[in-house]
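# this one's sequence-less:
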Ligand SMILES: Nc1ncnc2c1ncn2[C@@H]1O[C@H](COP(=O)(O)OP(=O)(O)O)[C@@H](O)[C@H]1O
Ligand SMILES: [Mg+2]
């Protein structure tokens, strides 16, 4: 029999239309039955999961209507990459401050017609700063999913190396597209262009690109959402900040967020009795991405060696392992 936790997890994933999680819990139930010698039942469950996955009864984005993302054609090909991310708002764990800023963007975007009636415009040019693995890219994807807009990724660094000498012209193409098609456009790690001053990079070209990028951002009067994300805000010219409607400073998770990240990632397991003080103490200094990966490591250990029972020491061990990787 499935455990109470598994039944709850099945119901929760159904309610949230999280297809991947639903099937992964179903497969856990199958694995448990197999361990208890109920091989026929286990095989039946597994076959049912495989059949439904093939027929794709729900979309990957969790059953929400996924916006039709046009594949960029012609000259835009290779400049804009459409991204389908299953990132879910409910799994995004942020400080109250950062959460508030993102919710404000969502609210203003959703109410843009009401604002327009008073000559007001929603926030839409955003600068995300903060250490790696704190959820900047994920937040851009959540904005797109919540607003049911396509998400396009522009890697400026690629743009420069691939179109040396003609990057400003390529940027114009991108901003034309931003005007034509309302979507979320993510200029990810765009500071890379300011920092890569290696021998093969022409510093003059990089400056020119950064300057035209800023000019285009400033002039843009489209309805799209533009997100520029950077791990190194200190390298950016302060003049740049003025061109954005909001600056969102992401940070490593505090104790409260660590607990939520762990609870989310280990939702399939019984987390009663975990020593949260110890877990959050050990996790201090790790990014949200590292905490998430540590949880996945601990989950695998629980499944493979401990009959799917998770303990504080498994989580602590996995967190310490991630910390070692940082040294
Ligand atoms: N704030 C967060 N809440 C939940 N998961 C997170 C968060 N930050 C990072 N993660 C996890 O780590 C992965 C990588 O994070 P990402 O958004 O790429 O970080 P960044 O862009 O800041 O470097 C995400 O896909 C997600 O699984
Ligand atoms: Mg990122």
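Looks like it arrived, so ask away. All values derive from a computational prediction rather than experimental measurement. Numbering: from 1, shown residues only. Ligands and ions are numbered 1, 2, ... in the order given.
# ramachandran coordinates for residue 154?
Main-chain torsions, residue 154, degrees, to the nearest 10: phi -120, psi 120.
# next one: residue 247
Dihedral angles (degrees, to the nearest 10) for residue 247: phi -120, psi 120.
# how about residue 267?
The phi/psi pair for residue 267 (degrees, to the nearest 10) is phi -60, psi -20.
# and for it, the neighbour number?
Look at residue 267: counted by other CB atoms under 10 Å, it has 16 neighbours. Placement of C-beta: from N, CA and C, glycine included.
# against residue 11, how distant is it?
12 Å (CB to CB, to the nearest Å).
# how about the contacts made by the residue most central in space within the chain?
Nearest to the centroid of the C-alpha atoms of the chain, with distances taken as CA atoms, centre = their mean, sits residue 138, at 1.6 Å. Contact analysis of residue 138 by CB atoms under 8 Å, 6 or more residues apart in numbering lists 85, 87, 92.
# touching, the last one and residue 142? I think so.
Yep, that's residue 92 we're talking about. Yes. Counting by CB atoms under 8 Å, residue 92 sits close enough to residue 142 to count as a contact (5.2 Å).
# those two: who's more crowded?
Between residue 92 and residue 142, counted using other CB under 10 Å, the more crowded position is residue 142 (23 against 19).
# quick check, the more buried one in a helix?
Yes. Under DSSP: H, G, I helix; E, B strand; the rest coil, residue 142 sits within a helix.
# name the SS class of the residue nearest to the centre of the chain, please.
Classification of residue 138 using three-state DSSP returns helix.
# from residue 296, how far out is it?
Distance of residue 138 to residue 296, computed by CB to CB: 15 Å.
# how about the residues of the stretch 1-150 of the chain that lie near ligand 2?
136, 137 (CB under 5 Å from the ion).
# what pLDDT, on average, does stretch 219-233 get?
For stretch 219-233, mean pLDDT is 92.
# now do stretch 249-268
The model assigns stretch 249-268 a mean pLDDT of 96.
# okay, how far is it across that stretch, tip to tip?
31 Å (CA to CA, to the nearest Å).
# may I see the buried residues of it?
Buried residues in stretch 249-268, counted by 16 or more other CB atoms under 10 Å: 250-253, 257-262, 265-268.
# do stretch 301-313 as well
301, 302, 303, 308, 310, 311, 312.
# what confidence value was assigned to the residue nearest to the last one when sequence neighbours are not counted?
Spatial nearest neighbour of residue 312, excluding adjacent residues (CB to CB, 6 or more residues apart in numbering): residue 275 at 4.4 Å. In this model, residue 275 is scored at 97, pLDDT.
# mind putting the buried residues of stretch 301-313 in CSV, secondary structure and distance to residue 186 included?
Formatted as CSV, the buried residues of stretch 301-313 follow (DSSP: H, G, I helix; E, B strand; the rest coil; distance: CB to CB, whole Å):
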residue, secondary structure, distance to residue 186
301, helix, 34
302, helix, 35
303, helix, 34
308, coil, 37
310, coil, 34
311, coil, 39
312, helix, 37
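# tell me the least confident of the residues you listed?
Among those, residue 308 has the weakest pLDDT, 92.
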